[in-house]
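A.B. asks: Predicted model, plus sequence, below.
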Amino acid sequence: MSSSSIADKGKVNPARKVCANNPGTIRHSYSFPRILLANVRSLVNKMEELQIILGKNQIDIACLTETWSATEDSCSIPNYDSHFKPRLDKDGIPLSHGGGVAFLVSVPSQIGFFHFLK
């Protein structure tokens, strides 16, 4: 598989660069995903701000803690797949205040390891 076909699929984007110190040596640079980790302490009132941050910084994956949300609908942002897990009480009922995590993955994405959250 050629490097351009890998880059087209969004997995790795190797760019061949000639080293300035040694013109016979070729270095590869890769595009890594941009990841945001934030303790949001209630996501509902920060959705607009979060959407701006994700867009301006071209975030590929956002990992959010302390969402304080009981439903996945409260973690929905356009152009992102949301994966949400609320904090549960001892009986397995989602709490409306405290805890909760969310993962937002940009669309389209080659990342498929979030199935464990469902």
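C.D. replies: Looks like it came in fine.
A.B. asks: P78 and L104, how far apart?
C.D. replies: Distance, P78 to L104, using Cβ to Cβ, to the nearest Å: 11 Å. Where C-beta positions appear, they are placed from N, C-alpha and C, glycine not excepted.
A.B. asks: Low-confidence ranges, this structure, go.
C.D. replies: Counting by pLDDT under 70, the low-confidence segments of the chain come to 1-30, 70, 72-73, 96, 109-118.
A.B. asks: got the residue ranges for the helices in it?
C.D. replies: When assigned using DSSP state H, the helices of the chain occupy the ranges 3-8, 47-56.
A.B. asks: Number of residues surrounding L95?
C.D. replies: The tally of other residues near L95 (other Cβ atoms under 10 Å) stands at 14.
A.B. asks: and this structure, what are its domains?
C.D. replies: With automatic domain parsing serving as the domain definition, the record reports that the chain contains domains spanning 1-32, 33-117.
A.B. asks: quick one: buried residues of stretch 46-53?
C.D. replies: Counting neighbours by 16 or more other Cβ atoms under 10 Å, one finds that the buried residues in stretch 46-53 are L50.
A.B. asks: what sits up against stretch 85-94?
C.D. replies: If you take Cβ atoms under 8 Å, 6 or more residues apart in numbering as the criterion, stretch 85-94 is touched by T67, S69, A70, T71, L95, G98, G99, G100, V101, A102, L117.
A.B. asks: Got a quick ChimeraX command for the buried subset of these?
C.D. replies: The command below creates a ChimeraX selection of those among those that count as buried (16+ other Cβ under 10 Å):
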select :67,69,70,99,100,101,102
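A.B. asks: Sort out which of the contacts of stretch 85-94 are in strands and list them.
C.D. replies: V101, A102 (DSSP state E).
A.B. asks: tell me the two of the contacts of stretch 85-94 that are most distant?
C.D. replies: Of all pairs drawn from the contacts of stretch 85-94, the greatest distance, 18.7 Å, lies between G98 and L117 (Cβ to Cβ).
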